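> have a look at this fold, sequence not included:
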């Protein structure tokens, strides 16, 4: 149980380190936090070639199970949205899938799930990073690189989403060409849009509340469920009152210094 209690200290310590120190890997960033918590049971096995190669991922209250390439684990553990935020991966880490299961014992999982969401998310990232370092011998460094992005702004005709009171909502669903929400922050919408538009999105709306909306757009050159044949750019402006402006910006990129295939167990 102690390994999960320490996550509170991990979060608070990391949160107080200046952003520049974290990026540059200075002693302040390397020594501020205690040892990261870990899952109690971890299994990593190469996915058999004669099995289905479709990737999947299931989160559970005690951990997760997945059939994914290592790139997916890295992007999850380091909070990355787009493939170009990872540099230096060997081909096998991009293409070969692994069957992975990680879970905490019942007592640790109970403690974990009582933490506030922000601490649970931070802890889960640290645990994934520890898994990657232990089983894949991953070593990384952070760099800033100028990349194409989109700035999300409020359209000229004004916002068309309905704001909800702070203690309402909190859920959303996604499908092919569709995002529906009963009340989420703009940060969650930004995270959901980056993959469909193919670039990292930077929130420049200044919006702080939670918003209810239904967004549909053309998916794979066809309308989503026959409801809307517009591009995602047009749909955002017409349905939500938001606009994506192309730009370039310095983006934190994760550079892979070392990674190894794991031993099977």
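Nice, I can see it. Because the structure is a prediction, the values reported are computed rather than measured. Numbers count the residues shown, from 1 in each chain.
> and the helices in this structure?
All helices of the chain, identified by DSSP state H, fall at 2-15, 19-24, 27-31, 70-77, 91-95, 106-112, 117-135, 186-197, 232-235.
> which of those helices has the lowest average pLDDT?
Among the helices of the chain, helix 19-24 carries the lowest mean pLDDT, a mean of 30.
> nearest the geometric middle of this structure, what residue?
By C-alpha atoms, centre = their mean, the chain has its centre lying nearest to residue 79, at 4.2 Å.
> that one touches residue 125, doesn't it?
Yes - counting by C-beta atoms under 8 Å, residue 125 is a contact partner of residue 79 at 6.1 Å. No exception for glycine: its C-beta is placed from N, CA and C like everyone else's.
> and the residue of the chain most remote from its centre, what's its pLDDT?
Relative to the centre of the chain, the most outlying C-alpha is that of residue 157, 31.2 Å out, by C-alpha atoms, centre = their mean. Looking at residue 157, its pLDDT stands at 93.
> roughly how far apart are it and residue 163?
Computed as C-beta to C-beta, to the nearest Å, the residue 157 to residue 163 distance reads 17 Å.
> so, low pLDDT: which residues of the stretch 151-265 of the chain?
168-170, 220-228, 265 (pLDDT under 70).
> rerun at 90
164-176, 180-185, 188, 191-192, 195, 219-230, 263-265 (pLDDT under 90).
> ranges for the strands of it?
With DSSP state E, counting those that start in this stretch, the ranges of strands along the stretch 151-265 of the chain come out as 162-164, 172-175, 178-185, 200-203, 210-216, 242-258.
> helices or strands up against the shortest one?
The reference is to strand 162-164. Applying 3 or more C-beta pairs under 8 Å, 6 or more residues apart in numbering; DSSP states H and E, one finds that strand 162-164 contacts strand 210-216.
> quick one: strands adjacent to the strand it packs on?
strand 162-164 (antiparallel), strand 178-185 (antiparallel) (DSSP bridges).
> what's the most buried one of those strands?
strand 178-185 (a mean of 19; mean count of other C-beta atoms under 10 Å).
> report the angle between it and helix 186-197.
Here the directions of strand 178-185 and helix 186-197 differ by 150 degrees (axes from the mean of the first three to the mean of the last three C-alpha atoms, to 10 degrees).
> pretty sure residue 237 sits against residue 230.
No - if you go by C-beta under 8 Å, residue 237 and residue 230 don't touch, sitting 9.0 Å apart.
> could you check how far the closest residue to residue 41 other than its chain neighbours is from residue 61?
Excluding its sequence neighbours, the residue lying closest to residue 41 (C-beta to C-beta, 6 or more residues apart in numbering) is residue 103, at 5.3 Å. As defined by C-beta to C-beta, residue 103 lies at a distance of 9 Å from residue 61.
> so what sits against both of these two?
Taking C-beta atoms under 8 Å, 6 or more residues apart in numbering as the criterion, residue 103 and residue 61 both touch residue 109.
> thinking again about what came up before, please verify my assumption that the residue farthest from the centre of the chain contacts residue 242.
No - counting by C-beta under 8 Å, residue 242 is not a contact partner of residue 157; they are 10.5 Å apart.
> returning to that earlier point: quick one: closest of the strands paired with strand 210-216 to residue 84.
For those, the distance to residue 84 is smallest for strand 178-185, at 22.7 Å, taking C-beta to C-beta.
> OK, contacts around the spatially closest residue to residue 191 that is not a sequence neighbour?
Spatial nearest neighbour of residue 191, chain neighbours left out: residue 81 (6.4 Å); criterion: C-beta to C-beta, 6+ apart. If you count contacts by C-beta under 8 Å, 6+ apart, residue 81 has them with 75, 191, 194, 195, 200.
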